[in-house]
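Visitor: My questions concern the predicted model and sequence given below.
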Amino acid sequence: MTGQSGQTADCRRQELAAEIAQGQAACEDARMAQTFPLSRLLSQSLVAFTIEFDNEAERRLPHWTTGTRRAAREMNATWLTSMVMYFNCLCWLPDKGLTVGELERLARTPTNLDGMRRWGYVTVTPDMQSQGKKAPKRDWVVRPTAGGRAAQQIWEPLLGEIEERWQERFGGRALEALRESLGAVVKDLDRGLPDCMPILGYGMVCRGPKAKQGPQETMEEGLPLPALLARVLLAFALEFERESQLSLAICANVLRIMTQEGVKLREVPARSGISKEGVSMAVGVLRKWKLADLAKEGIWQVVRLTETGVEARGVYAAGLEQIEARWEERFGERIGVLRAALEPIVGDGTAEGSPLFQGLEPHPEGWRAKARRPNVLPHFPMVLHRGGFPDGS
């Protein structure tokens, strides 16, 4: 970038920051006095975008679920998955296919390849021109099926459509400010970061990029909005997890709401915004590390933090503050500008106080219409191998 263009970009960011600040000042009295962690603001924005994307994709895509298994399988439909599976697999696959190694290099994060095969999106076969079935698994070829190609054709333009909805809902200037503030941070992050949150690994930790992996020429200006959000959030999470015994997914969603007095296990999904399966996995990790106990009281299972668990909860809160302070020193005013762009969009992250919920009404025939309606968005995406849904569903 030339000096002149750099100065122009800096001026533009300053103008946007001033406009955002003016808009926020007008409604400051109506906002909560509490300042939410940057990771929460990023997470709830990304989760909301993903759910809105998934709901619309479900309406358009021939698919099957546990409730429609037989009829849909007869139509060669695919099992329903989330947007993450597009970013970590399908968006990179040409009709002729790629080797497993090439796919992971381009996506810059592993996919659930076994799942994508079982769910009907891809085939995974040895390259018979090479060593045949004796070839290493990284040399096997991944190709989209007819169902996978149908998903590609629906998912690719849908990213832009959802972003247009956000422009109409929140205002073009607000979305422009959000994109520019995210891009200003992304340009100084590791270019090997993927365009999505990775499927959580053992201990529910985030898996970072491998050295010298993935294309380095990707520019932040051309990235979809969820990719910008994911890159900034993942960079934050990786920094947190380098210094923490626990993953950010466990801390932000489950440890945060736990107490020594105890919380009924059945209440945790509603209070955290994540699925029962995600809660079960997180509580299992907390119990394994002696940070929480699970006991039956009457008819209820109750989770209680141990003394060590209470200390861990305090370390989590302090860790968020320390990283955000370091980021403010590293990135300067860009973090304040990013926070100012996120706050009016996210609100308090609840169904009553967040504008994000305006786009989360599911289609009447969708699976989320039949499930418990969330009252709060997760404080960190709970992306599991089950299909990549952001709340662990």
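Guide: Ah, there it is. Small disclaimer: the values here were computed from a predicted structure and weren't measured.

Visitor: where along the stretch 101-250 of the chain do the helices fall?
Guide: Chain-ordered helices for the stretch 101-250 of the chain, with DSSP state H, counting those that start in this stretch as the definition, fall at 113-118, 146-170, 172-186, 225-242, 248-253.

Visitor: Next: the stretch 251-393 of the chain.
Guide: 268-272, 276-288, 307-331, 333-346.

Visitor: And the shortest one, what's buried?
Guide: When you say that, I think you mean helix 268-272. Within helix 268-272, the residues scored as buried using 16 or more other CB atoms under 10 Å are 268-269, 271-272. Quick note: C-beta positions are derived from backbone N, CA and C, even for glycine.

Visitor: What helices and strands are in contact with that helix?
Guide: Helix 268-272 is packed against helix 276-288, with contacts defined by 3 or more CB pairs under 8 Å, 6 or more residues apart in numbering; DSSP states H and E.

Visitor: quick one, the helix it packs on and helix 307-331 angle?
Guide: On the basis of axes from the mean of the first three to the mean of the last three CA atoms, to 10 degrees, helix 276-288 is oriented at 110 degrees to helix 307-331.

Visitor: Contacts for helix 276-288 next, please.
Guide: 203-204, 246-247, 249-250, 253-255, 258, 265, 268-269, 272, 274, 292-294, 303, 309, 382, 384, 386, 391-393 (CB atoms under 8 Å, 6 or more residues apart in numbering).

Visitor: one step back: let me know which of the helices of the stretch 101-250 of the chain is tucked in deepest.
Guide: Using mean count of other CB atoms under 10 Å, the stretch among these with the largest mean neighbour count is helix 248-253, at a mean of 28.

Visitor: Now that helix: average pLDDT?
Guide: Regarding helix 248-253, the rounded mean pLDDT is 98.

Visitor: I'd like the next helix or strand past the helix or strand containing Val47.
Guide: Assigned by DSSP states H and E, Val47 belongs to helix 38-60. Sequence-wise, the next helix or strand beyond helix 38-60 is strand 63-64, with elements assigned using DSSP H and E.

Visitor: shaky segments in the stretch 201-350 of the chain?
Guide: Low-confidence regions of the stretch 201-350 of the chain, defined here as pLDDT under 70, cover residues 211-221.

Visitor: if you set the cut-off to 80 instead, what comes out?
Guide: Applying pLDDT under 80 to the stretch 201-350 of the chain picks out residues 210-221.

Visitor: who's in contact with Val100?
Guide: Applying CB under 8 Å, 6+ apart, one finds that Val100 lies in contact with 113, 124, 137-142.

Visitor: rewinding a little: can you name the two of the buried residues of helix 268-272 that are farthest apart?
Guide: For these, the maximum inter-member distance is 7.4 Å, found between Pro269 and Arg271 (CB to CB).

Visitor: Might you report the residue contacts of Ala77?
Guide: Contacts of Ala77 were listed using CB under 8 Å, 6+ apart, and they are 61-64, 120, 147.

Visitor: hmm, 6 Å instead?
Guide: Contacts were defined as CB atoms under 6 Å, 6 or more residues apart in numbering; by that measure Ala77 touches 62-64.

Visitor: Likewise for Thr50?
Guide: When contacts are counted by CB under 6 Å, 6+ apart, Thr50 touches 83, 390.

Visitor: how near is it to Met197?
Guide: Distance, Thr50 to Met197, by CB to CB, to the nearest Å: 9 Å.

Visitor: what do you get for Ser280?
Guide: Applying CB to CB, the value for Ser280 to Met197 is 20 Å.

Visitor: who's more crowded, those two?
Guide: Set side by side, Ser280 and Met197 show unequal neighbour counts under other CB atoms under 10 Å, the larger going to Met197 at 30 against 13.

Visitor: Does the more buried one touch Ala230 like I think?
Guide: Yes - taking contact to mean CB atoms under 6 Å, the distance of 5.2 Å between Met197 and Ala230 places them in contact.

Visitor: just the buried residues of helix 268-272 now: which is nearest Leu80?
Guide: Proximity to Leu80 was ranked across the buried residues of helix 268-272 by CB to CB; first place goes to Pro269, at 20.0 Å.

Visitor: Could you count how many residues lie near Leu106?
Guide: Burial of Leu106 is recorded as 17 neighbouring residues (other CB under 10 Å).

Visitor: And the pLDDT at the closest residue to it other than its chain neighbours?
Guide: Spatial nearest neighbour of Leu106, chain neighbours left out: Trp92 (4.5 Å); criterion: CB to CB, 6 or more residues apart in numbering. Note on Trp92: pLDDT of 97.
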